[in-house]
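Chemist: structural data only, the sequence is not supplied:
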């Protein structure tokens, strides 16, 4: 890992990135045909995304600082200023890469639809018919609409995220921003897919039937997912590398889930959905790895809120348009817990400071749980609430000689982890949280693919569920 924050790339870095870029271009130039060509091209584009993001983060760092986009790393003895909002660089590179990639999965369709004098507007009931000695082909406009809506949604949330980084919008004002950005996504889902019923688990079928029609409530559910995913990553933050690393873990687990469907021996009706997911995730992993390289402890850049919104919306896009939003939520269990645990402070039930990141102890060089100081005694119901959590080891409270609460640790997973396991170095804390995220995510996938048969009487591998 590079240790310099200078904008200039070393000779080794330049040579490595140039080699990766040339190899990626060579692969891309030779992958227009064949069944697996789009996937190979996506991998090559991911390499190009990594090289571009890595270089631009280094080159643009001083420019961002001159523009005032900089911040101090409060968890270090020497609190030097480093570039901020570098997630915007990754978002821009990702959008460019995913836009240029569009012709690859549609290459055969474009050739078939434009051969023989412009048959792209012909609507046929089957994929191919022979008429007058020519092949007439129905172009998959629904798939193209999904790609374009995904790009538009990610682009919208990236613009809004940059606005948040520039103007530091308060949490209660920006909470619904991702939902607004998801509107193109929901419109395409309504026009293209439109399924709003869910399969009812076996124990509930005597009461609800086999299928439960949710109607508009299902769109409200997807709207909530689009809001939750970006905000949940933004909430679980505060130490070097945690935002990018948790996003990389979730992305890799989603790739494993996609491969599970694509590599099973039975033809699966969701193949196209999971290919779409891979096409969206692989370049995301490329740009995120480049950012992680610079953001891991000791961080040389900050990701900014833009990256959190961008990453969360990519997950929402693949979960909604890939039709596996429930599986997505299984991979967000730590984020769901962190959101529920943080709710008392987020909704101002309990006193909430402006920043809740763990406190850095300069004497020990370790991270400790940050606290909220109670200037005035909390209300009796809040006292009971805090003391119950303290007894359950979900919080640490400090009282004075009169038994009045004077301090309580902040409601975040990072602080709770430090309450449970004691002070830790910043990188050690990040590694342990990521290990927990990985184990919980793998367990979620195991449950999803091994217990669905018990709950729904349908075999997920054979493409029935």
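Modeler: Here it is on my side, so go on. These figures come from a predicted structure and were not determined experimentally. Residues are numbered from 1 along each chain as shown.
Chemist: average model confidence for the longest helix seen in the chain?
Modeler: As far as residue count goes, and with DSSP state H defining each element, the longest helix of the chain is helix 37-66. pLDDT averaged over helix 37-66 equals 95, rounded to a whole number.
Chemist: assign residue 212 to helix, strand or coil.
Modeler: When classified by DSSP: H, G, I helix; E, B strand; the rest coil, residue 212 comes out as strand.
Chemist: shouldn't it be in contact with residue 205?
Modeler: No: using C-beta atoms under 8 Å, residue 212 makes no contact with residue 205, being 9.5 Å away. Quick note: C-beta positions are derived from backbone N, CA and C, even for glycine.
Chemist: elements contacting the longest helix of the chain?
Modeler: If you count contacts as 3 or more C-beta pairs under 8 Å, 6 or more residues apart in numbering; DSSP states H and E, helix 37-66 packs onto helix 11-29, strand 81-83, helix 87-100, helix 271-295.
Chemist: quick one: these as TSV, columns for distance to residue 252 too.
Modeler: Written out in TSV, the entries for these read as follows (distance: least, C-beta to C-beta, whole Å):
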stretch	distance to residue 252
helix 11-29	20
strand 81-83	26
helix 87-100	16
helix 271-295	7
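Chemist: closest one to residue 222 among these?
Modeler: When these are ranked by proximity to residue 222, the top entry is helix 271-295, at 14.7 Å, counting by C-beta to C-beta.
Chemist: list the buried residues for that closest one?
Modeler: Taking 16 or more other C-beta atoms under 10 Å as the neighbour-count basis, helix 271-295 is seen to contain the buried residues 273-295.
Chemist: ok, stretch 386-396 next?
Modeler: Residues of stretch 386-396 classed as buried by neighbour count (16+ other C-beta under 10 Å): 386-387, 389-390, 395-396.
Chemist: that older thread, hmm, who's touching the following helix or strand past the longest helix of the chain?
Modeler: Beyond helix 37-66 in the direction of the C-terminus, DSSP states H and E gives the next helix or strand as strand 70-72. Among residues not part of strand 70-72, those counted as contacts by C-beta atoms under 8 Å, 6 or more residues apart in numbering are 64, 79-84, 302.
Chemist: ok, for residue 169, nearest residue in space, not its chain neighbours?
Modeler: Using C-beta to C-beta, 6 or more residues apart in numbering and skipping the chain neighbours, the partner closest in space to residue 169 is residue 163 (7.2 Å).
Chemist: how near is that neighbour to residue 312?
Modeler: 16 Å (C-beta to C-beta, to the nearest Å).
Chemist: looking at the two, which one has more neighbours?
Modeler: More neighbours sit around residue 312 than around the other of residue 163 and residue 312, counting by other C-beta atoms under 10 Å; the figures are 28 against 15.
Chemist: quick one, what contacts the more buried one?
Modeler: Shown here is residue 312, whose contacts under the criterion C-beta under 8 Å, 6+ apart are 178, 228-234, 247.
Chemist: which of those sits closest to residue 59?
Modeler: Using C-beta to C-beta, the shortest approach to residue 59 within the contacts of residue 312 belongs to residue 247, at 23.0 Å.
Chemist: does the closest residue to the closest one other than its chain neighbours sit in a helix or strand, and which one?
Modeler: Nearest non-adjacent residue to residue 247, counting by C-beta to C-beta, 6+ apart: residue 311, 4.1 Å away. Residue 311 belongs to helix 304-321 when elements are defined using DSSP H and E.
Chemist: what's the angle from that helix to helix 271-295?
Modeler: Angle, helix 304-321 to helix 271-295, by axes from the mean of the first three to the mean of the last three C-alpha atoms, to 10 degrees: 170 degrees.
Chemist: how about the helix or strand following helix 304-321: buried residues?
Modeler: In the C-terminal direction, the helix or strand that comes right after helix 304-321 (DSSP H and E) is helix 325-331. By neighbour count on 16+ other C-beta under 10 Å, the buried set for helix 325-331 is 325, 327-331.
Chemist: touching helix 325-331 from outside, list them.
Modeler: Counting contacts by C-beta under 8 Å, 6+ apart, the residues touching helix 325-331 from outside are 221-222, 225, 229, 250, 253-254, 257, 315-316, 318-319, 336, 441, 444-445, 447-448.
Chemist: give me the below-cutoff pLDDT ranges for the chain.
Modeler: Low-confidence segments of the chain (pLDDT under 70): 1-7, 32-35, 112-137, 453, 456-465.
Chemist: pick out the most distant pair among the buried residues of stretch 386-396.
Modeler: Greatest spatial distance among the buried residues of stretch 386-396 (C-beta to C-beta): 387 and 396, at 11.3 Å.
Chemist: and residue 337, how far from residue 385?
Modeler: The spacing between residue 337 and residue 385, counted by C-beta to C-beta, is 18 Å.
Chemist: ok, residue 243 next?
Modeler: Between residue 243 and residue 385 the distance, using C-beta to C-beta, works out to 29 Å.
Chemist: more neighbours: these two, which one.
Modeler: residue 243 (27 against 16).
Chemist: does the more buried one really touch residue 307, like I thought?
Modeler: Yes: Residue 243 lies in contact with residue 307 (C-beta under 8 Å); the separation is 6.2 Å.
Chemist: what's around residue 268, how many residues?
Modeler: Other residues within reach of residue 268 by the criterion other C-beta under 10 Å amount to 19.
Chemist: residue 73 now?
Modeler: Residue 73 is flanked by 19 other residues according to other C-beta under 10 Å.
Chemist: same question for the one 10 residues further on.
Modeler: Other residues within reach of residue 83, judged by other C-beta under 10 Å, total 26.
Chemist: what sits against it?
Modeler: Applying C-beta under 8 Å, 6+ apart, one finds that residue 83 lies in contact with 60-62, 64-65, 69-70, 300-302.
Chemist: repeat for residue 351
Modeler: When the contact criterion is C-beta under 8 Å, 6+ apart, the partners of residue 351 are 345, 372, 374, 378.
Chemist: for the first one, which non-adjacent residue is closest in space?
Modeler: Spelled out, it's residue 345. Of all residues beyond its chain neighbours, the one nearest residue 345 is residue 352 (3.8 Å), with distances taken as C-beta to C-beta, 6+ apart.
Chemist: now do the second one
Modeler: Leaving out its chain neighbours, the residue that sits closest to residue 372 by C-beta to C-beta, 6+ apart is residue 351, at 5.0 Å.
Chemist: could you tell me how many residues sit around residue 171?
Modeler: By the other C-beta under 10 Å criterion, the neighbourhood of residue 171 contains 13 residues.
Chemist: I figured it was touching residue 346, is that so?
Modeler: Yes: contact criterion C-beta under 8 Å: residue 171 and residue 346 qualify, at 7.1 Å.
Chemist: element containing residue 416, please.
Modeler: Assigned by DSSP H and E, residue 416 falls in helix 413-421.
Chemist: pull out the buried positions in that helix.
Modeler: For helix 413-421, the buried set under the neighbour-count rule, 16+ other C-beta under 10 Å, comprises 413-419.
Chemist: what's it packed up against?
Modeler: Under the contact criterion of 3+ C-beta pairs under 8 Å, 6+ apart, helix 413-421 touches helix 333-346, strand 366-368, strand 405-409, helix 426-450.
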